[in-house]
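> for reference, the sequence and a predicted model appear below.
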Amino acid sequence: MRILLLLVPISLVLLGFAFWAFIWAVRRGQFDDLDTPALDILAEDQRERPLPPSLADTQAPDRAPDAD
């Protein structure tokens, strides 16, 4: 029964922290637009993605040989 004297205040502190975090997120606008981020992943990119450096070197256009 003594453990309740410790667990009840700890749970109230955790509840207060969760409530504060929720209010903070609402004020920061975290819940303003819930639909657009889910739809953005379905949209195609309009720009080309750059090749990784290892592939960019191997797929570079052929250059004219240097005149010796």
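That came through, no problem. Residues are numbered from 1 along each chain as shown.
> pLDDT below threshold where in this protein?
Residues of the chain that meet the criterion pLDDT under 70 lie in 45, 51, 55-68.
> centroid residue for it?
Among the residues of the chain, residue 37 comes closest to the average C-alpha position under C-alpha atoms, centre = their mean, at 10.6 Å.
> gap between residue 18 and residue 39?
As judged by C-beta to C-beta, to the nearest Å, residue 18 and residue 39 stand 29 Å apart. In short, each C-beta sits where N, CA and C put it, glycine included.
> same thing with residue 53?
In this structure, residue 53 and residue 39 are 32 Å apart, going by C-beta to C-beta.
> do the same with residue 20
Shown here: residue 20 relative to residue 39, a distance of 31 Å by C-beta to C-beta.
> next one: residue 46
For residue 46, the distance to residue 39 (C-beta to C-beta) stands at 15 Å.
> which one of these two is surrounded by more residues?
With other C-beta atoms under 10 Å as the criterion, residue 46 and residue 39 differ in neighbour count, and residue 39 comes out ahead with 8 against 5.
> what about the helix or strand containing the more buried one, distance to the chain center?
Element membership of residue 39 [criterion: DSSP states H and E] is helix 36-40. For helix 36-40, the distance from its own C-alpha centre to the chain's C-alpha centre is 13 Å (C-alpha atoms, centre = their mean, to the nearest Å).
> same check on stretch 19-33?
Counting by C-alpha atoms, centre = their mean, stretch 19-33 is centred 16 Å from the centre of its parent chain.
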